[in-house]
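[1] Dropping the sequence and predicted coords here.
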Amino acid sequence: MPFHADNILALDIGAGSVKLGSFARLKSGGIELVGYAIRSLSADPANEDQRLGDLAAVLRGLIQENGIRPQPVLISVPGQSVFSRFVKVPPVGPDKLLQIVRNEAQLNVPFPINEVVWDYQLLGSGVGEVDVMLAAIKSEIIEQITDVVSAQGLRPDLVDVAPMAVYNAVRYNYSDLPPCALVIDVGARSTDLIFIEADRVFNRSIPVGGNTITQQIMREFNLSYDDAEKLKIAHAFVAFGGAYEAPASEVADKVSKSVRSAMTRLHTEITRSINFYKTQQSGGDPTLALLTGGTSVIPYTDTFLREKLKIEVDYLNPFQNVAVDSSIDANEIGGQAHLLAELVGLALRRTLTCPIEINLLPQKIIEEKTFRKKYPFFILSMVAAVLIVLVWCMYFLRLATLGEKRLARLQNRVNALESVESRLKVHEAAIRDLDAKFRRMAELPAKRSRWLAILADIHGRMGEGMWLASVKPLMPAPAAGGGEEFGGAVGLPAGTPAAGGPAAIEALAITGLAYLDKAPDGGAIRFRDALRQSPFFSAESTEIISAPVPGREDFAAEFTIKAVLKEPIPL
């Protein structure tokens with residue numbers, strides 16, 4: 001099976017196509033292409049909102065058609081989706097280098113650093129200032145892509161940038177490059193220019209590609225995007241220009257001129273980029289251009305660029321040093337090699353140390369990978385925990401058996417002691433009754449003396465011309481409204497506790513009389529105030545509860561005062 005789970009699975013998500021490749025590891029350390037599949041992906045800008053859904057459908061079809069099982073996958077994303085910048089940093093130790101690079105990233109990346117996934121690569125020989133390549137992609141974009149891939153059962157293991165994957169493939173396959181070479185990767189929406197010079201690399205993405213030609217044809221023929229794309233595939237070639245004879249077909253002639261117009265614009269951008277590389281990056285003049293990408297195979301593209309750039313132009317062959325399984329037709333792979341350089345560059349990341357090792361894998365995927373690596377240890381820990389539980393269970397079962405035997409012996413002794421206990425309880429109850437009687441008898445003298453002291457205090461606080469009629473104990477009784485009233489003289493009979501209440505006297509109802517000639521105002525208020533000064537009664541709660549107005553014939557005024565005890569007297 002070409003797409004075996006033990007092979008390296010590489011996935012290149014381009015603007016106009018999706019490429020999937022399976023590579024076997026060779027004992028020599030190299031790789032061998034054992035299977036691949038290519039599917040078109042709409043590059044129509046008008047359908048951009050449907051792109052993720054189209055990508056999911058294409059991936060699902062590729063996986064089902066090739067019987068691919070869940071496994072790790074290496075992904076490359078288009079260079080136009082990634083922001084790349086080349087900066088120089090001073091030569092410092094490894095401990096300070098990361099902080100300096102991070103500061104450079106914050107200065108150069110045009111988005112908040114916490115909204116992007118970014119990585120860097122050190123370039124050059126390390127003498128003097130250090131060249132650093134920064135690569136960043138918005139977290140939202142890359143997470144959407146990895147979520148679509150994960151939803152199809154594949155596990156993203158690495159996210160590379162297409163131009164850097166191509167660069168690694170070129171370095172592996174071409175050991176005899178000139179001092180400065182240029183890779184021109186013409187894709188559907190953009191063209192990636194990769195300058196290769198000694199141990200340096202510089203790339204730039206320009207917004208000219210296959211879509212530029214398609215849109216030119218749409219305007220020229222007033223067609224829809226899909227119809228213009230079909231017309232481009234059927235008739236496109238780069239017109240020769242000048243005094244060359246035009247094609248017999250008028251349609252082909254117009255299409256070829258549209259292609260030449262787009263290629264002329266491409267040439268202009270390439271020339272501008274070469275000048276930028278030479279002036280701003282101190283680079284050299286490229287003497288070799290290697291063509292790759294889906295749009296690069298439009299007939300006469302290499303001839304056109306050779307004439308315009310005045311340098312040697314050839315097609316990139318990513319399989320010069322990469323083996324191809326004999327089951328793959330040589331003519332077939334030869335006709336599609338221009339689409340597979342990214343796949344080769346991705347697969348090399350798993351077998352060799354590559355010159356550029358950028359990884360834009362989202363943080364959540366990294367955390368999932370870390371968890372999967374720890375998963376076997378979790379399993380072993382769970383197994384160990386289960387074994388420990390089993391050992392403890394056996395230990396406790398043994399203890400339970402011994403405990404049951406000991407419990408049986410103890411139960412016999414308990415039964416013997418229970419019979420003794422029942423007899424002791426009878427004697428203990430009798431002792432408790434006697435003890436309660438003795439305590440009540442011991443408390444009687446104290447209660448008697450307390451009552452005498454209270455009565456003496458009451459009598460001593462009465463004014464001239466006043467005498468006591470009665471003193472009655474009061475106990476709390478439940479009120480109808482849920483509050484608290486007092487029984488005794490006013491409510492319950494003296495000595496009868498309220499239902500659910502404590503058996504104690506909490507207040508006294510003091511009834512007295514006063515001669516009107518001795519106490520014209522009745523004397524009740526002065527008596528109440530005197531009782532409030534008593535150490536036995538509460539100053540706040542002692543009140544007059546009854547003071548009827550005397551008649552004309554009466555010679556004395558009657559009153560009743562409720563004196564609340566500070567300390568209730570238990571019965």
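    In hand now; what should we look at?

[2] Would you quantify the distance from the residue nearest the centre of the chain to residue 155?
    In the chain, the centroid-proximal residue (Cα atoms, centre = their mean) is residue 364; its distance is 8.6 Å. Computed as Cβ to Cβ, to the nearest Å, the residue 364 to residue 155 distance reads 13 Å. Any C-beta I mention is one placed from the backbone N, CA and C, and that applies to glycine too.

[3] List the buried residues of the helix or strand residue 510 falls within.
    For residue 510, the host element (DSSP states H and E) is strand 504-515. The neighbour-count check on strand 504-515 (16 or more other Cβ atoms under 10 Å) flags 505-514 as buried.

[4] quick one: which of these is nearest residue 394?
    Checking these against residue 394 with Cβ to Cβ, the nearest one is residue 506 at 66.2 Å.

[5] Which residue is the nearest non-sequential neighbour of that closest one?
    Once flanking residues are discounted, residue 506 sits nearest to residue 568: 4.4 Å by Cβ to Cβ, 6 or more residues apart in numbering.

[6] The one you found belongs to a helix, doesn't it?
    No - applying DSSP: H, G, I helix; E, B strand; the rest coil, one finds residue 568 to be strand, outside a helix.

[7] quick one: the helices in the stretch 201-350 of the chain?
    For the stretch 201-350 of the chain, the helices defined by DSSP state H, counting those that start in this stretch cover 210-221, 225-235, 250-280, 301-309, 330-336, 341-348.

[8] among the helices and strands of the protein, which has the poorest mean pLDDT?
    Lowest on mean pLDDT, DSSP states H and E among the helices and strands of the chain sits strand 484-486, with a mean of 49.

[9] angle of the very next helix or strand once past the strand holding residue 510 against strand 504-515?
    Where DSSP H and E defines the elements, the next helix or strand beyond strand 504-515 is helix 524-532. Using axes from the mean of the first three to the mean of the last three Cα atoms, to 10 degrees, the inter-axis angle of helix 524-532 relative to strand 504-515 is 140 degrees.

[10] Each with direction, which strands does the helix or strand following helix 524-532 pair with?
    As assigned by DSSP H and E, the chain's next helix or strand after helix 524-532 is strand 543-546. Partner strands for strand 543-546, per DSSP bridges, with pairing direction: strand 556-570 (antiparallel).

[11] Pull out the buried positions in the partner strand.
    So for strand 556-570, counting by 16+ other Cβ under 10 Å, buried means 556-565.

[12] Out of the residues you listed, which is nearest to residue 300?
    For those, the residue nearest residue 300 by Cβ to Cβ is residue 564; the value is 118.7 Å.

[13] ok, so what distance separates residue 85 from residue 403?
    Residue 85 is 75 Å from residue 403, where distance means Cβ to Cβ.

[14] what does residue 51 give?
    Remark: distance between residue 51 and residue 403 (Cβ to Cβ) = 71 Å.

[15] So, low pLDDT: which residues of the stretch 451-571 of the chain?
    Scanning the stretch 451-571 of the chain for pLDDT under 70 picks out 477-502, 520-522.

[16] so where's the stretch 51-200 of the chain shaky on pLDDT?
    Residues of the stretch 51-200 of the chain that meet the criterion pLDDT under 70 lie in 125-127.

[17] can you tell me which residues contact residue 259?
    Shown in contact with residue 259 (Cβ atoms under 8 Å, 6 or more residues apart in numbering): 213, 216, 232, 236-239, 298.

[18] So which of the residues you listed wins on neighbours?
    Comparing the contacts of residue 259 by number of neighbours (other Cβ atoms under 10 Å), residue 213 comes first, having 26 neighbours.

[19] Could you measure from the residue nearest to residue 506 over to residue 450?
    Distance of residue 568 to residue 450, given as Cβ to Cβ: 11 Å.

[20] cool, residue 567 as well?
    With distances taken as Cβ to Cβ, residue 567 is found 9 Å from residue 450.

[21] likewise residue 295?
    In this view, residue 295 and residue 450 are 116 Å apart by Cβ to Cβ.

[22] Those two: which is more packed in?
    Comparing residue 295 with residue 450 by other Cβ under 10 Å, the one with more neighbours is residue 295, at 29 against 14.

[23] That one contacts residue 185, doesn't it?
    No - assessed by Cβ atoms under 8 Å, residue 295 is found out of contact with residue 185, at 9.3 Å.

[24] which neighbours do the two share?
    Shared contacts of residue 295 and residue 185, counting by Cβ under 8 Å, 6+ apart, come down to residue 191.

[25] quick one: buried residues of stretch 65-73?
    68, 71, 73.

[26] check contacts around the first one.
    When contacts are counted by Cβ under 8 Å, 6+ apart, residue 68 is found next to 3, 9, 20, 62, 153-154.

[27] Would you tell me which helix is longest in this structure?
    Once the chain is assigned using DSSP state H, the helix that runs over the most residues is helix 363-460.

[28] report the angle between the axes of it and strand 556-570?
    For helix 363-460 against strand 556-570, the angle by the same axes, to 10 degrees is 130 degrees.

[29] Tell me which other helices or strands helix 363-460 touches.
    Contact partners of helix 363-460 among helices and strands, from 3 or more Cβ pairs under 8 Å, 6 or more residues apart in numbering; DSSP states H and E: helix 139-151, strand 155-161, strand 466-474, strand 556-570.

[30] okay, those in CSV with distance to residue 131 next?
    Listed next are the helices and strands packed on helix 363-460 as CSV, based on distance: least, Cβ to Cβ, whole Å:
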stretch, distance to residue 131
helix 139-151, 25
strand 155-161, 17
strand 466-474, 102
strand 556-570, 95
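
[31] right, so of the ones you listed, which gets closest to residue 222?
    Across these, residue 222 has its closest neighbour in helix 139-151 (33.7 Å, Cβ to Cβ).

[32] May I see the buried residues of the closest one?
    Buried residues in helix 139-151 (16+ other Cβ under 10 Å): 139, 141-143, 145-146, 148-150.

[33] what about the residue nearest to residue 174 when sequence neighbours are not counted, neighbour count?
    Leaving aside its chain neighbours, residue 174 sits nearest to residue 320 (7.0 Å; criterion: Cβ to Cβ, 6+ apart). Residue 320 has 13 neighbours, counted by other Cβ under 10 Å.

[34] would you put the C-alpha positions of stretch 85-96 in CSV?
    The C-alpha coordinates for stretch 85-96 follow below in CSV (Å, rounded to 0.1, in the frame of the first residue of the first chain):
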residue,chain,number,x,y,z
ARG,A,85,11.3,39.1,7.1
PHE,A,86,15.1,38.9,7.1
VAL,A,87,16.9,40.8,9.8
LYS,A,88,20.4,41.1,11.3
VAL,A,89,21.1,40.8,15.0
PRO,A,90,24.4,41.3,16.9
PRO,A,91,26.5,38.3,17.9
VAL,A,92,25.4,37.3,21.4
GLY,A,93,25.1,34.2,23.5
PRO,A,94,22.3,31.8,23.1
ASP,A,95,20.7,33.0,26.3
LYS,A,96,20.2,36.5,25.0
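
[35] Now do the nearest residue to residue 33 once chain neighbours are set aside, the pLDDT please.
    Nearest residue to residue 33, sequence neighbours excluded (Cβ to Cβ, 6+ apart): residue 324, at 4.9 Å. Per-residue pLDDT puts residue 324 at 95.

[36] So residue 324 versus residue 337, what's the distance?
    On the measure of Cβ to Cβ, residue 324 and residue 337 end up 9 Å apart.

[37] Ok, residue 541 next?
    Counting by Cβ to Cβ, the gap from residue 541 to residue 337 is 108 Å.

[38] Of the contacts of residue 68, grab the buried ones for PyMOL.
    The following PyMOL line selects those of the contacts of residue 68 that are buried, judged by 16+ other Cβ under 10 Å:
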select buried, resi 3+9+20+62+154
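
[39] quick one: which of the contacts of residue 68 is nearest to residue 93?
    residue 9 (38.4 Å).

[40] Direction included, what does the helix or strand harbouring that closest one pair up with?
    Here residue 9 sits within strand 8-13, counting by DSSP H and E. In the sheet, strand 8-13 lines up against strand 17-25 (antiparallel), strand 72-77 (parallel) (DSSP bridges).
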